[in-house]
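> here is my input, please return the structure:
(chains A and B)
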Amino acid sequence: GQQVQQSPASLVLQEGENAELQCNFSSTATQLQWFYQSPGGSLVSLLSNPSGTKHTGRLTSTTVTKERRSSLHISSSQTTDSGTYLCAIDRNSGTYQRFGTGTKLQVVP
Amino acid sequence: EAGVTQSPRYAVLQEGQAVSFWCDPISGHDTLYWYQQPRDQGPQLLVYFRDEAVIDNSQLPSDRFSAVRPKGTNSTLKIQSAKQGDTATYLCASRDRGREQYFGPGTRLTVL
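I've put the predicted structure just below:
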């Protein structure tokens, strides 16, 4: 089965609203990374957060390793935040990442 | 510092044709990955290398796909006899000893 599940699959927000994206994984993770992908674009790393809470700009990620879940909070959303947000885990350090199917975010003016 | 570079950016083929994709990782990164990303899905690993050695190619369709990284730097992914089901974006990524992974811009392949 899918080892990394993300929810919601899609989300539409008014500009200025906050977003909460979820990532649940079925195996232990030594590394967890959140990526952003614009339509037709490549993946840009947002945060690497295997445990605890990390902030960068308007983004906050909280990972609870023993519960196998992570969240990405986007505050004061902007239209330029529109795109797909992907969560990826490493099961063992330095191997390869397993990705979820992503959350497609649309922020409208 | 230059990022991961890939070429070509786009490729359109007829079924049965061959194509090669090229990747130049970030200098000094020991690990290089090739992922396939079908439309509206997350990337899925095809193969990865540590230096010049193949670490995992179990998800590479070996009868038509091949990948090499002969000097532990650049890498080439080749598809022989492409099929419509190979239509996807092919992403290369590199990593330094288990730290964050960095992706190239991808090659968008369409097989007609």
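> can you tell me who the nearest residue to A:Q31 once chain neighbours are set aside pairs with across the strands?
Spatially, and ignoring its direct neighbours in sequence, A:Q31 is nearest to A:D90 (3.9 Å; CB to CB, 6 or more residues apart in numbering or on different chains). No exception for glycine: its C-beta is placed from N, CA and C like everyone else's. A:D90 forms beta bridges with A:Q31, A:Q97, as assigned by DSSP bridges.
> what sits against A:D90?
Contact partners of A:D90, counting by CB atoms under 8 Å, 6 or more residues apart in numbering or on different chains, are A:29-32, A:96-98, B:98.
> 6 Å instead?
Shown in contact with A:D90 (CB atoms under 6 Å, 6 or more residues apart in numbering or on different chains): A:30-31, A:97.
> now flag whichever of those residues is closest to chain B.
Using CB to the nearest CB, A:Q97 comes nearest to chain B of the contacts of A:D90, at 6.1 Å.
> what's the pLDDT at the closest one?
In this model, A:Q97 is scored at 85, pLDDT.
> repeat that for A:S93.
68.
> where does chain B dip in pLDDT?
B:1 (pLDDT under 70).
> for it, which segments count as strands?
Along chain B, the segments classed as strands by DSSP state E run B:5-7, B:10-13, B:19-24, B:31-37, B:44-50, B:53-56, B:65-68, B:75-79, B:88-95, B:101-103, B:107-111.
> and of these, who's closest to A:L13?
strand B:31-37 (24.8 Å; CB to CB).
> which positions in chain B make contact with chain A?
Contacts of chain B with chain A, taken as CB under 6 Å from any CB of the partner chain, map to B:33, B:41-43, B:45, B:48, B:98, B:100, B:103, B:105-106.
> can you pick out the most distant pair from these?
Greatest spacing in the residues of chain B next to chain A, by CB to CB: B:Q41 and B:G98 (25.1 Å).
> beta-bridge partners for residue 54, please?
I went with chain A, as the question did not name one. Beta-bridge partners, per DSSP bridges, of A:K54: A:S61.
> sorry, I should have been clearer: chain B.
Bridge pairing for B:V54 - DSSP bridges - gives B:F49.
> number of residues surrounding it?
13 (other CB atoms under 10 Å in any protein chain shown).
> residues contacting the helix or strand bottoming out on mean pLDDT in chain A, please?
One helix or strand of chain A scores below all others by mean pLDDT, DSSP states H and E: strand A:97-99, with a mean of 89. Residues from elsewhere that reach strand A:97-99 (CB under 6 Å, 6+ apart): A:3-4, A:86, A:88-90, B:42-43.
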